[in-house]
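[1] Pasted the sequence and its predicted model underneath.
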Amino acid sequence: MTRSILEYVTEAWFTKMNTARPDSPILQIAAERWAGLRQKPTDAERMEKAVASLKAAEAGVQRLAKQQADGFFDPPFDTHLPRLQHEARTTLAKAKKEVADPTPKKLDMSFLLEDETIREAWDEASLPLRRDLLRLSLRRVVVSKGRRGYNVFDGDARVEIHWLDSPDPWASEVTTEDLAQAA
């Protein structure tokens, strides 16, 4: 039965990917997740360092502005202020450039657009990669209990697929009024 469920979900995934328009939200979500899966650890480390340096540069600019507001650079110490401001601006601009460089400008979703390429990727993929490919656009798959003694798998009746481009029916929508009533 597991194989039947997997085949049903896989075919539903192929159908969903093939019928989606290039500008549809499901393809955008899948492409973002695919980019995250394909990101090398060195890229992630470089991005972490870039974000850390950006935060440090922003903190330096804020610290300099606070010191100036507190009168730290009143005469005769005001001669150092232009140099320190220039250094802070240069450091901030460099850190912003480092953060912007590794960020992909356009997501590659070309393999998701054609049936042949997506099936080739599926055929060449290992089981963990196949599961990752399914997770690109699936939120959850719910399989209901089958009828006793009925050995034929009916996917349409038993399988409920929750896609990432639609709201999660299992997520509870808690409003502020509900929170106020609970308190």
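    Perfect, I can see it now. Numbers count the residues shown, from 1 in each chain.

[2] use CA for all of it now, contacts and neighbours both
    Fine.

[3] Longest helix of the protein, counting residues only.
    As assigned by DSSP state H, the longest helix anywhere in the chain is helix 41-69.

[4] on contacts alone, who are the packing partners of that one?
    In terms of contacts (3 or more Cα pairs under 8 Å, 6 or more residues apart in numbering; DSSP states H and E), helix 41-69 is packed against helix 81-100.

[5] Can you spell out which helices and strands pack onto the helix it packs on?
    Contact analysis of helix 81-100 by 3+ Cα pairs under 8 Å, 6+ apart lists helix 41-69 as its packing neighbours.

[6] angle of the helix it packs on against helix 81-100?
    160 degrees (axes from the mean of the first three to the mean of the last three Cα atoms, to 10 degrees).

[7] Only the buried residues of helix 41-69, if you could.
    47, 50-51, 53-54, 57-58, 60-61, 64 (16 or more other Cα atoms under 10 Å).

[8] List just the nearest of the residues you listed to residue 86.
    Of all the buried residues of helix 41-69, residue 61 has the smallest distance to residue 86: 10.1 Å, by Cα to Cα.

[9] ok, residues contacting stretch 149-166?
    By Cα atoms under 8 Å, 6 or more residues apart in numbering, the residues outside stretch 149-166 that reach it are 1, 4-5, 8-9, 25-26, 29, 137-146, 168.

[10] Emit the ChimeraX select command for whichever of these are buried.
    One line in ChimeraX is enough to select the buried ones among these; burial here means 16+ other Cα under 10 Å:
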select :5,8,9,26,29,137,138
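
[11] In strands only, show me the contacts of stretch 149-166.
    Judged by DSSP state E, the subset of these located in strands is 138-143.

[12] Make JSON lines out of those and add distance to residue 123 and pLDDT.
    Listed next are those as JSON lines, based on distance: Cα to Cα, whole Å; pLDDT from 0 to 100:
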{"residue": "138", "distance to residue 123": "19", "pLDDT": "89"}
{"residue": "139", "distance to residue 123": "22", "pLDDT": "87"}
{"residue": "140", "distance to residue 123": "23", "pLDDT": "88"}
{"residue": "141", "distance to residue 123": "22", "pLDDT": "88"}
{"residue": "142", "distance to residue 123": "25", "pLDDT": "88"}
{"residue": "143", "distance to residue 123": "25", "pLDDT": "87"}
